[in-house]
Structure formats: C-alpha cells, structure tokens
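Engineer: just a sequence and a predicted model for now, questions to come.
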Amino acid sequence: MEENIEQPESDASDFPSGRYDTVAKNVIRGDPNDLIRFSLDTQDAEVIRVLETEQPTVNWYRADSFLHAKVRGKEVIVHLELQTHDSRQIPMPRRVAGYVGLGIRTFGMPIYSHVIYFHPDAGLNDPGEYVQDGPGYEITIKYKVIRLCEIEGQDILDAKLKGLIPFAPLMKPPEEMGSKEWLRHCVEVAETIPMDMADKPNYLASMAILCNVIFNFDDIREIIPEEILMQSDVVQYFKKLGIEQGIEQGIEQGIEQGARESIIEGILEALEVRFSAKDVEKLKPMLESVETLQRLKQLRREVLRTYSLETFAQMLENGSGIEP
C-alpha cells in the first residue's frame, strides 16, 4: 500500500487501540469463516465457535481472537492477533509464544497463530517465529505474519468476501487509484454486500473506524454519510461513554484522543530506536501533558532532528522550538 496509495497526515489519525480491537473483533465474530479461510489459505476451514478470551477464569493478557475451527478435517484453534502498530513493550514473538502456550494448555488442540498488522509501517520486522536455541532446550513457535497493505484489495472486493471487506481500505489498491478514490470504491462495494438492512449501518461504521488507521476522518465522513454512522451501534458506544456534545463532536473527540495516543506512541518508538528504552519511557508523562495535537506533531518532527535524548527532553520541558 505504501507504494500505490497516498498517505494523508490526519488531524485524527487513530482511535484508541481498544476501540480498534473492539470493532475488529466484532467483524470477526460476525463473519469469521472468510477471515480464517484467507489466513489459512484454504477453503477447507469452518469455524465451530468463537472462544471468549476475556473471561476472568482464563487470563489471556489481551489476546485477541481464538476460534475453534475444523481445518482440513482436523479440529484446531485459530488465533488471530490484531495489531494497528508494532508491539512496543513486549516483542511480538514473545507475545505469540505466550498465547500459543496458554492456548495449548487451555484447549489441548493445535494452535494456528496469525498476527494481522493494520498500518503500512507495522510488521516490517516481525520474523514470524519465536526461537529459543539453548542446547537441549530448543523451542520454535512459528506464526503467520499478515500485513494488510500487502494484500491485493481488489481481489477481496471482487470475491465479495463479507468478513474481509471492512478491512479492504487498509489493503493495497489498484495502481491507478489514489487514496480517496480507493476508499470510495471500497465503500461502494460494501454497500452492495447482501445483509439485513438493520446490519448495514454497523457494517459501514466498522469500516469507517478501521480505515481511520490511515485515512483522514474528514474524508471518511464525506464518503460514508453521517446519517449512516448515526444509526450504528458504534455511535451508541460513544454516547454510552458519556459524550454529550453531539454525535459528530463525540466521534471527533474520540478520534482526536486516539490520535494523541498514536502520535505519542510513535514518538516513543522513534526515540527508543536511537536511545535507551528505559530513559525514553520516563518522557511519556511529559508527552501526555502536551495540550495540543499540533504541538505533538511538531515534537514528532523534532525527534528526527534531535542529537540527544537530553536535548529532546529539555525542549519538551520548556517548549522551545515548538510553536503554540
């Protein structure tokens, strides 16, 4: 996708990660067969049931989706880990190894594990395996890495795969299409998918939230009518959070908060590449206290120019070099 689609810088570039998780999990629960058949690269797969991973009796440490399925005549557990960005605090191989071990202990069946990355910059360095090579204690756990930006999105639209189309705007578009044209095309196809009329608002609203990983909210709102969003359970979710300033403002405020979190995470990740991760983490409270999104964006640019962590911390503390 990074080669064929323009990537606009959004003033509201991300929902809080928990909301992405919630929406993506709901899409999976609604139509899980399309996703597991695509992930496993076989049509001989069918979900038996979606397993709950948030029950208090099983501490999943925020594992995303576990599906009990029959694959090529054999009962297995399909694990789908959904990532908007790279796993920063715990490397993904370690996380997957933990989920796989816990899944084997809990279900006693083979685990087919996948990590699905939403953002075009995510998953580039994921090796797809956890390896412990101590003599006599060797462990290897392999999993499949799926980067949505590498998938030919038009193939998904042409196949009318209901369970994958909400993710299509994050996939690779035809070479001749710009970003906004691609988003519009995905929405037009989504509107043709057979389903109960009562389900259509949630389906389109789910697409709207997921594609906000890379698309501007203004473009999303222009292409997906606001009256559709107003009818969806997604908007009701915002209202339940106590947002009373109006539906449009409520959605925008939620996205802006997510944008702050996303930019802060990006700044910390960029600093960790260059400096000590332990020292970088100390800057997180200072970044969270920055009042405006614009200042955070300027700080993100300053990361590329700073010579030392101390210089960046000093600039962050006194506001120098940052326009109000």
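Structural biologist: Received, thanks.

Engineer: going by C-alpha atoms from here, please, whenever you check contacts or count neighbours.
Structural biologist: OK.

Engineer: for the chain, where's the lowest mean pLDDT among helices and strands?
Structural biologist: helix 233-240 (a mean of 58; mean pLDDT, DSSP states H and E).

Engineer: state the pLDDT value of the closest residue in space to Phe118 that isn't next to it in sequence.
Structural biologist: Counting by Cα to Cα, 6 or more residues apart in numbering, the nearest residue to Phe118 once its immediate chain neighbours are dropped is Thr84, at 4.7 Å. At Thr84, the pLDDT value in this model is 89.

Engineer: hang on, isn't Thr84 packed against Val115?
Structural biologist: No - with contact defined as Cα atoms under 8 Å, Thr84 does not count as touching Val115 (10.4 Å).

Engineer: now for those two: what residues contact both?
Structural biologist: Here Thr84 and Val115 have no joint contacts, going by Cα atoms under 8 Å, 6 or more residues apart in numbering.

Engineer: next one: His119 from Lys278, what distance?
Structural biologist: 26 Å (Cα to Cα, to the nearest Å).

Engineer: who has more neighbours, those two?
Structural biologist: His119 (21 against 9; other Cα atoms under 10 Å).

Engineer: sorry, back to before: so what's the backbone phi/psi at the residue nearest to Phe118?
Structural biologist: Torsion angles at Thr84 (phi, psi; degrees, to the nearest 10) stand at phi -70, psi -40.

Engineer: likewise for Leu82?
Structural biologist: phi -100, psi 120.

Engineer: counting neighbours, what do you get for it?
Structural biologist: 19.

Engineer: over to Thr292?
Structural biologist: Neighbourhood size, Thr292 [other Cα under 10 Å]: 11.

Engineer: repeat that for the one 4 residues further on.
Structural biologist: As a burial measure, Leu296 scores 22 neighbours (other Cα under 10 Å).

Engineer: surely it and Glu261 touch.
Structural biologist: No - assessed by Cα under 8 Å, Leu296 is found out of contact with Glu261, at 10.0 Å.

Engineer: and stretch 315-324, average pLDDT?
Structural biologist: For stretch 315-324, the per-residue pLDDT averages 60.

Engineer: let me see the ranges of the helices in the stretch 201-324 of the chain.
Structural biologist: Assigned by DSSP state H, counting those that start in this stretch, the helices in the stretch 201-324 of the chain fall at 217-223, 226-231, 233-240, 247-274, 277-281, 284-288, 293-303, 309-318.

Engineer: can you list the ones you listed in TSV and add distance to Leu204?
Structural biologist: TSV is the format used below for the helices of the stretch 201-324 of the chain (distance: least, Cα to Cα, whole Å):
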stretch	distance to Leu204
helix 217-223	10
helix 226-231	8
helix 233-240	10
helix 247-274	15
helix 277-281	37
helix 284-288	32
helix 293-303	27
helix 309-318	40
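
Engineer: hey, least reliable of those helices by pLDDT?
Structural biologist: Among these, helix 233-240 carries the lowest mean pLDDT (a mean of 58).

Engineer: which strand residues bridge His114?
Structural biologist: Beta-bridge pairing for His114 (DSSP bridges): Leu80, Lys144.

Engineer: who's in contact with Asn269?
Structural biologist: Rather than Asn, residue 269 is Glu. Arg88.
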